[in-house]
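**Student:** Generate a structure from the sequence data that follows.
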Amino acid sequence: MRIVSVASEANPLCKTGGLADVVFALSQELVNKGEDVSIIVPYYSTLKNLKDAKFVTKLQFNMCWRHPECEVYLTEISGIKYYLLKNGIGDITLFDKVDGIESYTKVFKKIDFRISLG
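**Tutor:** Reported below is the predicted structural model:
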């Protein structure tokens, strides 16, 4: 079975609190049971040094009067596929101001998840 989680953080890539631990632990347990697990998270600017993330595709979405593109990157850690979304609105960090977080929230709400998970 294919299982996809969407989260604001996930270990070991990005962590500010307990959510990252829970998302990773649940995903790891499902992988151990033989499931195909993917996690979709923002590509925070603090992850720029992530060398093995490969570009997958660009998606365009509608957000009011803007039509920004979202770049999708993929990396795999401990059998879990991490899809990283770079929103094209502006880089944010895990500890960024509310404006940046709101931009990502809008992206997650509006994006057409045409990501090929295969």
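**Student:** Might you list the low-confidence residue ranges for the protein?
**Tutor:** Counting by pLDDT under 70, the chain has low-confidence residues at 48, 61-64, 66, 88-118.
**Student:** again, 90 this time
**Tutor:** 1-2, 4-9, 13-17, 40-52, 57-72, 84-118 (pLDDT under 90).
**Student:** pull the longest helix from it.
**Tutor:** If you go by DSSP state H, the chain has its longest helix at helix 18-32.
**Student:** Just want the angle from the following helix or strand past that helix to helix 18-32.
**Tutor:** Downstream of helix 18-32, the first helix or strand assigned by DSSP states H and E is strand 36-42. Calculated by axes from the mean of the first three to the mean of the last three C-alpha atoms, to 10 degrees, strand 36-42 forms an angle of 160 degrees with helix 18-32.
**Student:** Now do the buried residues in the first helix or strand past strand 36-42 going along the chain.
**Tutor:** Using DSSP H and E, the helix or strand that follows strand 36-42 in sequence is strand 54-60. Going by neighbour count (16 or more other C-beta atoms under 10 Å), the buried part of strand 54-60 is Leu59. For glycine as for every other residue, the C-beta is placed from the backbone atoms N, C-alpha and C.
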